[in-house]
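In: generate coordinates for the sequence data below:
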Amino acid sequence: MIKAIKLFIACWALIAMHGASAQTAATKPVTTEKTLGMYMHQHWSYKHPYAVRTWTLEDWKGYLDGLHRLGYNYILIWPMLEIMPDPLTPSDEANLAKIAKVIDMAHQDYNMRVSIVFCPNVSPKSEEGRKYTFEDRPFFHTDDRVDPGDPIAFGKLMEWREKLFKPLAQADGLFVIDSDPGGYPHSTNMEFIYILGAHRRMLDRLRPGIEINY
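Out: The predicted structure follows:
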């Protein structure tokens with residue numbers, strides 16, 4: 001009976017968030033343009049120019065120009081915010097500034113929409129992460145998982161995420177991937193919805209109207 005009540009509350013929470021998103025969507029101009037996108041995956045630390053995380057602004061410009069000529073109008077970027085240490089290294093600060101410029105470039109020069117990727121509950125091992133530059137930092141050695149059922153720990157993670165996402169707040173959307181939630185042992189449906197709600201509220205504080213795909 002208790003599980004049924006929790007599931008009922010979870011469903012209403014989703015309905016409420018969907019209603020808020022629908023109201024936001026209703027204020028946007030209707031478009032029938034087909035979406036054709038490319039996922040810019042920065043996980044792998046190969047050498048330049050084979051790793052997206054090593055690209056200069058000129059590299060980005062050349063790539064976006066090529067995509068645009070092929071008819072692409074959407075890019076999805078995973079900027080590896082999850083393993084950026086607190087406090088940031090100079091290379092992390094430089095990458096955030098660069099991705100912000102890429103968002104502006106995509107919008108202004110190529111009329112392309114941009115979304116950013118986050119994993120649901122991955123946090124940095126800051127002490128370990130500071131040993132590397134952004135370009136060379138391995139993911140699976142500098143990452144940790146936060147229990148979505150721990151409101152204090154997860155609240156601290158979201159506070160750090162909001163600071164990281166703020167320079168990128170001109171992005172059109174956020175994709176939260178691997179949301180099961182996050183492969184955390186014994187995670188529940190309620191925690192799945194809690195993660196969704198936490199990111200929706202973060203986006204609303206930064207710039208209302210940013211899409212979320214979960």
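
In: using CSV, write out every CA atom in the strand or helix carrying residue 66.
Out: Secondary-structure element containing residue 66, defined by DSSP states H and E: helix 57-69. Extracted as CSV, the C-alpha positions of helix 57-69 are listed here (Å, rounded to 0.1, in the frame of the first residue of the first chain):
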residue,chain,number,x,y,z
LEU,A,57,37.6,27.6,-31.4
GLU,A,58,38.9,27.4,-34.9
ASP,A,59,38.4,23.6,-34.9
TRP,A,60,34.9,24.1,-33.6
LYS,A,61,34.1,26.7,-36.3
GLY,A,62,35.3,24.4,-39.0
TYR,A,63,33.3,21.4,-37.7
LEU,A,64,30.1,23.4,-37.2
ASP,A,65,30.5,24.9,-40.7
GLY,A,66,30.8,21.5,-42.2
LEU,A,67,27.8,20.2,-40.3
HIS,A,68,25.8,23.2,-41.3
ARG,A,69,26.6,22.7,-45.0
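
In: quick one: mean pLDDT over that helix.
Out: In this model, helix 57-69 carries a mean pLDDT of 98.

In: which other residues reach that helix?
Out: Residues outside helix 57-69 that contact it (CB atoms under 8 Å, 6 or more residues apart in numbering) are 38, 49, 55, 75, 98, 101-102, 105-106, 109-112. C-beta coordinates here come from the backbone N, C-alpha and C atoms, glycine included.

In: alpha carbons of the helix or strand containing residue 152, in CSV - could you do that?
Out: Assessed by DSSP H and E, residue 152 sits inside helix 151-165. Provided in CSV are the C-alpha atoms of helix 151-165 (Å, rounded to 0.1, in the frame of the first residue of the first chain):
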residue,chain,number,x,y,z
PRO,A,151,19.5,14.9,0.1
ILE,A,152,22.5,16.6,1.7
ALA,A,153,25.1,14.9,-0.5
PHE,A,154,23.0,15.3,-3.6
GLY,A,155,22.2,18.9,-2.7
LYS,A,156,25.9,19.7,-2.6
LEU,A,157,26.3,18.0,-6.0
MET,A,158,23.5,20.1,-7.5
GLU,A,159,25.0,23.3,-6.0
TRP,A,160,28.3,22.6,-7.8
ARG,A,161,26.6,21.7,-11.0
GLU,A,162,24.6,24.9,-11.0
LYS,A,163,27.9,26.9,-10.8
LEU,A,164,29.4,24.9,-13.7
PHE,A,165,26.3,25.2,-15.9
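
In: surely residue 111 touches residue 72?
Out: No. Using CB atoms under 8 Å, residue 111 makes no contact with residue 72, being 10.7 Å away.

In: quick one: which of the two has more around it?
Out: Between residue 111 and residue 72, counted using other CB atoms under 10 Å, residue 72 has the larger neighbour count: 16 against 10.
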